[in-house]
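Student: Just the structure for this:
(2 chains)
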Amino acid sequence: MPSAREMRLRIRSVKNISQVTKALETVSASKVRRVIQAVMASRPYAEKSWKVLLHLARQPGHESLHPLLNEREEIKSVLVILVSGDRGLAGAYNMNIVRATLQQFNDFPCPVEYITVGRKGRDMLLRRRKKVIAEFSSLPAMPSFMDVSPIGRMAIEEFTSGRADQVYLAYTNFKSMVVQEPVIRKLLPLEISHNEGKLTAHNVTHTTHSVFTYEPDQNEILNQIILRFTGVQVYQDILESLASEHAARMVAMRHATDNAMDLLSGLQLDYNKARQQAITNDMLDIAGGAEALAKATRQG
Amino acid sequence: MPIRCEIVSQDRQVFKGEADIIVLPGSAGVMGILPNHSPLLTTLQYGLITIRSKGEEQIFTVAGGVAEVQPDQVTILADAAENVAEIDVERAESARRRAEELLSKDIPRDSDAFLNLQSALRRSNLRIDAVRRYRQRKGH
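Tutor: You can find the predicted model right below:
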């Protein structure tokens, strides 16, 4: 059994750790809330632009509306944007998304390139010798649209230049404080019919098939909307991942705090026992000493 | 019959409400949208959006975007939009000075930084103009 002094030291260090994890938990909890608000705030734009896209797609007589909407016949290489965290201490958050991504793309029939958002994902991919063509790390804690728009631009550039025939986005969907699931979705080419059920209610308020007037022309408008829609999707998914990261960290830190508390009560008990033992021993010593002394005086 | 009108930018909803007339800076020129306008899709320039409803007027700056017009609804997808009443003039002025200063240094004309600065300058000019005009009108 360790000495009482050693135990006191251990108790103190466990206490300190529990304070740190407690603080991290509180910080993450407030960050989740803020990020969720930002996700909500960007939803109207995504919904509205999606609606306008649908209107455009429903216009008769346009089979190949825009290069970003066309599925390529031969898939020679794909690009994956992997969104992970910059920091650890978030439970299995980083591991889960990387594992899900690798599972899908490890045996892909064509070369796969990666753009990583977040340091952890980058490190894990590099360790596995994946081809990372760009990385975006150290985003601000609360990224604005401007902060992430280069990511979407880069994806579009890779796609339009023909270096990538499909672009996927791997992010973590925030379902609740305790449930976050890794999702891999196709970003480009944009699939209009496939997603139709996604944002119901909002996009069917208008079923007019009336023909639009375009200023300056249809292609220009479509171009602008598609570019922005892609950008806002990337933005939303990054925010969604961020919310998941903070939630995962909060839960992980709560467990850590709980564990520290368990450990602490065990240690405290042991320490008290040891202390009590020492006192009993001392008392025995004193009593023994007194006894011996009394015996000696009686005999003498 | 009023038109439903909505202005959204990528990170928030700027305006939602009803209007009697909406004036937009379309790419082909400024246009006024009244109820029962024929369906129209237009890109927007830098400029001001005026929304008038029951004699009350609200003005927004917009830094480009797309507007979708339906007979009973106008949706504006703005790259950045702001209610003029919310603009902080001093901040806009100092942003303009900063942008001008940086632009006067040698930055390659085709670089991203240059383009960003230019659009920042255009944005702050727009905001300052908007506030001036808005205050003047209020003064009368």
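Student: switch to C-alpha atoms for all contacts and neighbour counts from now on
Tutor: Noted.
Student: Please list the residues of chain B that sit near chain A.
Tutor: Contacts of chain B with chain A, taken as C-alpha under 8 Å from any C-alpha of the partner chain, map to B:8-13, B:26-28, B:38-43, B:65-66, B:68, B:75, B:77.
Student: which residues touch the residue most central in space within chain A?
Tutor: Centroid check for chain A by C-alpha atoms, centre = their mean gives A:E245 as the closest residue, at 3.3 Å. By C-alpha atoms under 8 Å, 6 or more residues apart in numbering or on different chains, the residues touching A:E245 are A:85, A:90, A:93.
Student: my read: the first one touches A:R122, true?
Tutor: Same thing as A:G85. No - counting by C-alpha atoms under 8 Å, no contact exists between A:G85 and A:R122, whose distance comes to 9.5 Å.
Student: Contacts for stretch B:61-73, please.
Tutor: With contact meaning C-alpha under 8 Å, 6+ apart, stretch B:61-73 is reached by A:52, A:221, A:224-225, B:2-5, B:35-49, B:74-84, B:123, B:126-127, B:130.
Student: Buried ones in stretch A:182-194, by neighbour count?
Tutor: For stretch A:182-194, burial by neighbour count (16 or more other C-alpha atoms under 10 Å in any protein chain shown) applies to A:182, A:184, A:187-190.
Student: Format the residues you listed as CSV; extra columns: secondary structure and pLDDT.
Tutor: CSV is the format used below for the buried residues of stretch A:182-194 (DSSP: H, G, I helix; E, B strand; the rest coil; pLDDT from 0 to 100):
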residue, secondary structure, pLDDT
A:P182, strand, 95
A:I184, strand, 93
A:L187, strand, 90
A:L188, strand, 86
A:P189, coil, 87
A:L190, coil, 84
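Student: What is the nearest of the residues you listed to chain B?
Tutor: A:L187 (17.6 Å; C-alpha to the nearest C-alpha).
Student: Distance-wise, check that closest one relative to A:L53.
Tutor: For A:L187, the distance to A:L53 equals 15 Å [C-alpha to C-alpha, to the nearest Å].
Student: Let me see the ranges of the strands in the chain.
Tutor: Let's take chain A. A:78-83, A:112-117, A:131-136, A:166-174, A:180-188, A:213-215 (DSSP state E).
Student: meant chain B, my bad for not saying
Tutor: B:3-9, B:12-19, B:21-26, B:29-33, B:40-53, B:56-70, B:73-78, B:81-83.
Student: what about the stretch 151-300 of chain A, any weak spots by pLDDT?
Tutor: Low-confidence segments of the stretch 151-300 of chain A (pLDDT under 70): A:193-210.
Student: near chain B, which residues of it?
Tutor: A:210-216, A:221, A:224-225, A:232.
Student: Most neighbours among those, please name it.
Tutor: Most neighbours among these, by other C-alpha atoms under 10 Å in any protein chain shown: A:V232, with 24 neighbours.
Student: Output the lowest mean pLDDT helix or strand found in chain B.
Tutor: Every helix and strand of chain B was ranked by mean pLDDT, DSSP states H and E. The lowest is helix B:112-139, at a mean of 78.
Student: what angle sits between it and strand B:40-53?
Tutor: 30 degrees (axes from the mean of the first three to the mean of the last three C-alpha atoms, to 10 degrees).
Student: List the buried residues for helix B:112-139?
Tutor: Buried-residue list, helix B:112-139, by 16+ other C-alpha under 10 Å: B:114, B:117, B:120-121, B:123-124, B:126-128, B:130-131.
Student: Now render those residues as CSV, adding distance to B:I21.
Tutor: What follows is those, written out as CSV (distance: C-alpha to C-alpha, whole Å):
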residue, distance to B:I21
B:F114, 37
B:L117, 34
B:A120, 29
B:L121, 30
B:R123, 25
B:S124, 26
B:L126, 22
B:R127, 22
B:I128, 24
B:A130, 19
B:V131, 21
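Student: Most widely separated two among these?
Tutor: B:F114 and B:V131 (25.8 Å; C-alpha to C-alpha).
Student: what sits against the residue of chain B positioned farthest from its centre?
Tutor: Within chain B, B:D106 marks the point farthest from the mean C-alpha position, 29.9 Å out by C-alpha atoms, centre = their mean. By C-alpha under 8 Å, 6+ apart, no residues touch B:D106.
Student: Can you give the domain ranges for chain B?
Tutor: Using automatic domain parsing, the domain parsing of chain B gives B:3-84, B:88-138.
Student: which of the ones you listed is buried the deepest?
Tutor: Highest mean neighbour count among the domains of chain B (mean count of other C-alpha atoms under 10 Å in any protein chain shown): domain B:3-84, with a mean of 20.
Student: now that one: how far from the chain's centre is it?
Tutor: Centre-to-centre, domain B:3-84 and its host chain are 8 Å apart (C-alpha atoms, centre = their mean, to the nearest Å).
Student: and for stretch A:91-110, what are the contacting residues?
Tutor: Looking at what lies outside stretch A:91-110 - C-alpha under 8 Å, 6+ apart - the contacts are A:75-78, A:82-85, A:88, A:112, A:120-121, A:124-125, A:170-172, A:182-184, A:244-245, A:248-249, A:251-252.
Student: related to what we said a few turns ago, where does the residue nearest to the centre of chain A sit relative to chain B, distance-wise?
Tutor: 20 Å (C-alpha to the nearest C-alpha, to the nearest Å).
Student: Could you check the pLDDT of the nearest residue to A:R163 once chain neighbours are set aside?
Tutor: Spatially, and ignoring its direct neighbours in sequence, A:R163 is nearest to A:S77 (7.1 Å; C-alpha to C-alpha, 6 or more residues apart in numbering or on different chains). Looking at A:S77, its pLDDT is 91.
Student: Contacts only, for A:S77.
Tutor: With C-alpha under 8 Å, 6+ apart, A:S77 has these contacts: A:110-113, A:163-166.
Student: buried subset of the residues you listed?
Tutor: A:112-113, A:164-166.
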